[in-house]
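J.: 3D model of this:
(one chain, ligands or ions: 3)
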Amino acid sequence: MPNTIIVGSQWGDEGKAKVIDYLTKQSDLIIRYHGGANAGHTVVVDGDKFIFHMVPSGIMYPGKKCVIGNGVVFDAEQFLVEVDELKEKGISVEGRLFISDLAHLVLPYHKLLDKARESDSKNTKIGTTGRGIGPAYADKVTRVGIRTGDLLDWDLFTEKLKKAFAEKKFLVEQMHKATFDLDFEETLKQFEEITKRIAPYICDTADYLFNALQAKENLLFEGAQGTFLDIDHGTYPFVTSSNTLSGSVCAGAGVGPATIDHVVGIVKAYTTRVGNGPFPTEQLNEDGELLRKEGAEFGATTGRPRRCGWFDSVVVRKAIALNGFTRMALTKLDVLNVFKEIKICTHYEVDGVKRESFPTTLKDIEKCVPIYETLPGWECDISQCNSYEELPENARKYIKRIQELCYSIPALIVSVGPDRSQTIEVEPLT
Ligand code: GDP
Ligand code: IMO
Ligand code: MG
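T.: Numbering: from 1, shown residues only. Ligands and ions are numbered 1, 2, ... in the order given. Model (predicted):
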């Protein structure tokens, strides 16, 4: 399979992991390149469900190699929980899981700081996952971060950790007036144990990927979050702290742009969002509740109910422009089975004037009134359909209309259920 990037086109939870798992069969290496354990990536194989936060979703396939790139903020505790869970399920990761020595560590004080910032009444509440993502990236950018490679030089790690403890204690207690209940010696001991276990996985992953490319191996890049959670292009400040777009693969994994053959946008057949921030097509009514119920829309990381609304083509058009999608994978189409009528947002109106593009400022987004088109539903179960032709006519019309509104990007996949088997391949990657 060509070297491919998978990116969420909305606000995350589009079903990226399901598509990653499906495409893993045709790939050699699956690479996470940004984000951290804020991601909740669900894979279902023969009814058996696994939620990944740190380990790439391709690991379920025996023999496939998985890489955690330098752009990831690495949560070692969560990583080991997943490795143990995989082992319990009889899935061995030995010799096929690699962590970049340049990936920054998420340490316990990052999580403490994340929560302290969120509960500080002086701050705007983002509704973060509490996984320490923002503070860990902040340390990286201010050049006081600690990387996985530092664990292999224990004196250096101890010195860096000591400095960080003093600074974070000050921030938590003095700035946020919260309790700093971490003990330095205990944390040091905890990371001594963690290091023993993760050291064998740490290496120069950029070098590893370069050699894999030389050997003509196929790379599948696993995006996390979604386009509108991107730190630059998303609905700032209601975003995550990394670049979530396809373009961040190069820096986050250490590969050149010419490596990439395809960018697949994962497009949920409706829209969801977790946490705070603008969401033009949100339905705070029975339709929204029905979408949540039918789509089981509860966060895979925090369990929070996801906010739900109709498909927004303005959002997806912007995602196409920002990521350069060459294909789209339409997911969760089956969730719409129960609707008599389905709405699609074709454009916005601002003071009665048509607007086709997504604004860049919160103020302008607030002024946008979504304009909908109503399509007839299909009102039957499509979760067992095996081919595009088997889909009811109204479902095919819905897909066609979405494509028309989205620059006619060809569909790679239509997903009609959470299981690996509930996948209709429309136009394979060549
Ligand atoms: P990700 O973060 O983009 O990987 O998505 P999540 O795993 O957070 O959320 C997607 C949810 O939808 C998971 O529970 C998946 O098992 C489920 N899912 C994925 N594709 C489909 C689909 O086509 N139909 C249905 N009903 N569920 C799906
Ligand atoms: P996947 O990869 C959905 C959201 C949080 C919050 C904002 C900032 O499963 O699609 P953070 O903890 O990153 O500082 O939180 O971003 N968020 C996600 N929403 N899916 C995700 O990941 C998310 N990762 C972060 O809810 O609004
Ligand atoms: Mg998710």
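J.: CA atoms for contacts and neighbours, from now on please.
T.: OK.
J.: what segments of the stretch 201-350 of the chain are strands?
T.: With DSSP state E, counting those that start in this stretch as the definition, the stretch 201-350 of the chain shows strands at residue ranges 202-203, 219-222, 262-268, 271-273, 307-309, 311-312, 327-331, 341-350.
J.: now the helix or strand following the last one: buried residues?
T.: Read it as strand 341-350. Following the chain from strand 341-350 toward its C-terminal end, the next helix or strand by DSSP states H and E is strand 353-355. Of the residues in strand 353-355, those buried by neighbour count under the rule 16 or more other C-alpha atoms under 10 Å are Arg355.
J.: starting at the chain centroid, how far to the next helix or strand after strand 353-355?
T.: Later in the chain than strand 353-355, the nearest helix or strand by DSSP H and E is helix 362-367. A distance of 25 Å separates the centroid of the chain from that of helix 362-367, by C-alpha atoms, centre = their mean, to the nearest Å.
J.: equivalent analysis for stretch 409-420, please.
T.: Using C-alpha atoms, centre = their mean, we find the averaged C-alpha position of stretch 409-420 to lie 17 Å away from the chain's own average C-alpha position.
J.: touching that stretch from outside, list them.
T.: Applying C-alpha atoms under 8 Å, 6 or more residues apart in numbering, the external contacts of stretch 409-420 come out as 18, 21-22, 43-47, 264, 325-334, 382-385, 388, 403, 422-429.
J.: is that stretch positioned near ligand 1?
T.: Yes. Residues of stretch 409-420 are located near ligand 1 by C-alpha under 6 Å from any ligand atom, namely 415-418.
J.: got the buried residues for stretch 300-309?
T.: Judged by neighbour count (16+ other C-alpha under 10 Å), stretch 300-309 contains these buried residues: 300-301, 305-309.
J.: and for stretch 257-264?
T.: Per 16+ other C-alpha under 10 Å, stretch 257-264 contains these buried residues: 260, 262-264.
J.: and stretch 196-207, by the same measure?
T.: So stretch 196-207, judged by 16+ other C-alpha under 10 Å, has buried residues 198-199, 201-206.
J.: CA atoms only for it, dumped as PDB, please.
T.: Taking C-alpha atoms only, stretch 196-207 is exported to PDB below (Å, rounded to 0.1, in the frame of the first residue of the first chain):
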ATOM      1  CA  LYS A 196      13.800  -0.700  33.300                       C
ATOM      2  CA  ARG A 197      10.700  -1.700  31.300                       C
ATOM      3  CA  ILE A 198      10.700   0.800  28.500                       C
ATOM      4  CA  ALA A 199      14.400   1.100  27.800                       C
ATOM      5  CA  PRO A 200      14.400  -1.800  25.300                       C
ATOM      6  CA  TYR A 201      11.800   0.100  23.200                       C
ATOM      7  CA  ILE A 202      13.700   3.400  23.000                       C
ATOM      8  CA  CYS A 203      15.600   4.200  19.800                       C
ATOM      9  CA  ASP A 204      16.300   6.700  17.000                       C
ATOM     10  CA  THR A 205      13.000   6.100  15.200                       C
ATOM     11  CA  ALA A 206      13.600   8.600  12.400                       C
ATOM     12  CA  ASP A 207      16.600   6.500  11.500                       C
END
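J.: ok, residues contacting it?
T.: 67-70, 76, 80, 95, 97-102, 148-149, 151-152, 253-255.
J.: make it 10 Å
T.: Residues outside stretch 196-207 that contact it (C-alpha atoms under 10 Å, 6 or more residues apart in numbering): 31, 67-70, 76-77, 79-80, 93-103, 148-149, 151-152, 191, 195, 211-213, 250-255.
J.: for Arg292, which non-adjacent residue is closest in space?
T.: Counting by C-alpha to C-alpha, 6 or more residues apart in numbering, Arg292 lies nearest to Cys308, which is 6.3 Å off, once chain neighbours are set aside.
J.: list the contacts of the residue nearest to the spatial centre of the chain.
T.: For the chain, the residue sitting closest to the mean C-alpha position, by C-alpha atoms, centre = their mean, is Ala224 at 2.0 Å. Ala224 makes contacts with 6-8, 12-14, 16-17, 32-41, 53, 72, 242-245, as judged by C-alpha under 10 Å, 6+ apart.
J.: thinking again about what came up before, farthest pair in the buried residues of stretch 196-207?
T.: Within the buried residues of stretch 196-207, Ile198 and Ala206 form the most distant pair, 18.1 Å apart (C-alpha to C-alpha).
J.: pLDDT score for Glu427?
T.: The predicted local distance difference test score for Glu427 is 89.
J.: ok, now how distant is it from ligand 3?
T.: When distances are taken as C-alpha to the ion, to the nearest Å, Glu427 and ligand 3 turn out to be 25 Å apart.
J.: heads up, I number from 548, so please use that
T.: Sure, I'll start counting at 548 from here, so that last one is Glu974.
J.: circling back: can you pull the contacts of the residue nearest to Arg839?
T.: Applying C-alpha under 10 Å, 6+ apart, the residues near Cys855 are 817-821, 826, 828-832, 834-840, 842, 844.
J.: cool, Gly846 as well?
T.: Taking C-alpha under 10 Å, 6+ apart as the criterion, Gly846 is in contact with 560, 586-588, 676, 820-822, 852-854.
J.: and for Glu940?
T.: For Glu940, the contacting residues are 924-925, 946, by C-alpha under 10 Å, 6+ apart.
J.: doesn't Met607 make contact with Glu632?
T.: No. Because the distance of 11.7 Å does not satisfy C-alpha atoms under 10 Å, Glu632 is recorded as not touching Met607.
J.: more neighbours: which of these two?
T.: Using other C-alpha atoms under 10 Å as the criterion, Glu632 and Met607 rank with Met607 on top: 19 against 13.
J.: state the distance from the most far-flung residue of the chain relative to its centre to Ala876.
T.: Relative to the mean C-alpha coordinate of the chain, counting by C-alpha atoms, centre = their mean, the farthest residue is Gly899 (35.2 Å). Counting by C-alpha to C-alpha, to the nearest Å, the separation of Gly899 from Ala876 is 33 Å.
J.: same check, this time on Lys736
T.: As it turns out, when the distance is counted by C-alpha to C-alpha, Lys736 lies 45 Å from Ala876.
J.: between those two, who's got more neighbours?
T.: Set side by side, Lys736 and Ala876 show unequal neighbour counts under other C-alpha under 10 Å, the larger going to Ala876 at 29 against 11.
J.: what bridges to that one?
T.: Ala876 has these beta-bridge partners by DSSP bridges: Ile813, Ile960.
J.: with Val916 instead?
T.: Beta-bridge pairing for Val916 (DSSP bridges): Glu896.
J.: that one contacts Pro827, doesn't it?
T.: Yes. Between Val916 and Pro827 there is a contact under C-alpha under 10 Å: 7.2 Å.
J.: now do the shared contacts for those two.
T.: Overlap between the contact sets of Val916 and Pro827, as judged by C-alpha under 10 Å, 6+ apart, is given by 892, 895.
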